[in-house]
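Q: Okay, predicted coordinates and the sequence, questions at the end:
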Amino acid sequence: MSKTDEMKKVRDEVVGLTASPLYVYRKESGNLPVIGEGNHDANILFVGEAPGRNEAKTGRPFCGAAGKILDELLESIGVARESVYITNIVKDRPPENRDPSPSEIEIYGPFLDRQIEIIEPKVIAPLGRYAMGYIMEKFDLGAELEPISVAHGKLYKTGSLFGEMTISPMYHPAAAIYTRALKDTLLEDFKILKQFR
């Protein structure tokens, strides 16, 4: 099965995920699930937490204000958005844009796990503390978990089913909307990703 076919299978399963507590909210609000987009052979995989309002309306990850910042950050290191893969742990928008619950992360996590196995990235950049916590635990780095204010911009080497991989936690781009100084931090941290292009 091709990578595209495998990704379609993930998409179809998420679309029909009636077991999710967010499924009813998706239907009632006319939202779309946000599976992810980008290059299925990407070296760099970005993982956010859950879709926001703009994302749930379009089915595209990071297409609102945080997405504009992500685009600027990618441009700053000369990486085209089309060359990376962008997704979230939770594929449906939680009501009122609240943080995803542990049970929601548990339900949607396996879909992200499969996306990682399909893409086989060189580096995963979790965006924000929920994504960082999930990814670090998944790749046996739980003992090295630190607050995002300490972990951002660091490189954590780990193994995977497809060989050595690196985890590089980053602040969520949305944080730079509210705290201007964090954009400078993100610009600096993104330079670390250049080596994985």
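A: Ah, there it is. Numbers count the residues shown, from 1 in each chain.
Q: Any idea how many residues pack against residue 132?
A: Residue 132 is flanked by 29 other residues according to other C-beta atoms under 10 Å. Just so you know, the C-beta spots here come from the backbone N, C-alpha and C atoms, and that holds for glycine as well.
Q: Could you do residue 195 as well?
A: Residue 195 has 12 nearby residues by other C-beta under 10 Å.
Q: distance of it from residue 120?
A: Look at residue 195 and residue 120: by C-beta to C-beta, to the nearest Å, they are 17 Å apart.
Q: repeat for residue 165
A: 8 Å.
Q: So the two - more neighbours on which side?
A: residue 165 (20 against 17).
Q: What's opposite that one in the beta bridge?
A: In this entry, residue 165 is beta-bridged to residue 158, by DSSP bridges.
Q: which of the residues in stretch 135-146 are buried?
A: For stretch 135-146, a neighbour-count test (16 or more other C-beta atoms under 10 Å) marks 135-136, 138-139, 141, 145 as buried.
Q: what's the average pLDDT for that stretch?
A: In this model, stretch 135-146 carries a mean pLDDT of 95.
Q: Contacts for it, please.
A: 47, 109, 113, 124, 126, 132-133, 151, 156, 158-160, 165, 167, 169 (C-beta atoms under 8 Å, 6 or more residues apart in numbering).
Q: One more: stretch 12-31?
A: 32-33, 35, 51, 56-57, 90-95, 101, 103-104, 107-108, 111.
Q: same thing but 6 Å
A: 33, 35, 56, 91-93, 95, 107, 111 (C-beta atoms under 6 Å, 6 or more residues apart in numbering).
Q: Which one of these sits in the busiest neighbourhood?
A: Going by other C-beta under 10 Å, residue 91 tops those with 32 neighbours.
Q: which residues sit in contact with that one?
A: Contacts of residue 91 (C-beta under 6 Å, 6+ apart): 14, 33-35, 108.
Q: Let's have the buried residues of stretch 135-146 in a markdown table, adding distance to residue 176 and secondary structure.
A: Below are the buried residues of stretch 135-146 laid out as a markdown table (distance: C-beta to C-beta, whole Å; DSSP: H, G, I helix; E, B strand; the rest coil):
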| residue | distance to residue 176 | secondary structure |
| --- | --- | --- |
| 135 | 20 | helix |
| 136 | 22 | helix |
| 138 | 26 | helix |
| 139 | 26 | coil |
| 141 | 25 | coil |
| 145 | 23 | coil |
